[in-house]
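no sequence for this one, just the structure:
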């Protein structure tokens, strides 16, 4: 089973696995290995994606000719010239708990941009599409 990975948010796959050890133990060896590596695959459920990648930065409803779905986006925040400021979920915590608190000036700065680097689309409760920014 092949998978696609993402340097995920503020917690690691190991930390998320520890918090969900009982559920993780019920997964197939292939699923467990991908999640340990911070990777996902077509067919993963939202719970499996959260274990591997953490919570998304944005969620959106998606409609197309094949039906309804949900899209999750994982975002990098960077300066206008592309230098990384922080990735993903860091900005949700703020304050002293934020490991990159010293960059908080950039949270609302006009000199920062958001770039979706990873997008996962679900249909019928499982991953049907994985998009990854080729600049990663």
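Alright, I've got the coordinates. All of these numbers come straight from a predicted model, not from anything done at the bench. Numbering: from 1, shown residues only.

the chain: strands as residue ranges?
Taking DSSP state E, the strands of the chain run over residues 4-5, 39-40, 58-64, 67-79, 84-87, 112-123, 126-132.

so which of these gets nearest residue 26?
Comparing those against residue 26 with Cβ to Cβ, the closest turns out to be strand 126-132 (16.5 Å). In short, each C-beta sits where N, CA and C put it, glycine included.

what about residue 52, how many neighbours?
Neighbour count for residue 52, taken as other Cβ atoms under 10 Å: 26.

about what we covered before: want to try CSV for the strands of the chain, with mean neighbour count, distance to residue 28 and mean pLDDT as columns?
Putting those into CSV (neighbours: other Cβ atoms under 10 Å; distance: least, Cβ to Cβ, whole Å; pLDDT from 0 to 100) gives the following:
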stretch, mean neighbour count, distance to residue 28, mean pLDDT
strand 4-5, 17, 18, 46
strand 39-40, 22, 14, 94
strand 58-64, 11, 26, 91
strand 67-79, 18, 22, 86
strand 84-87, 18, 29, 60
strand 112-123, 18, 19, 84
strand 126-132, 16, 14, 94
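
alright, I will stop here.
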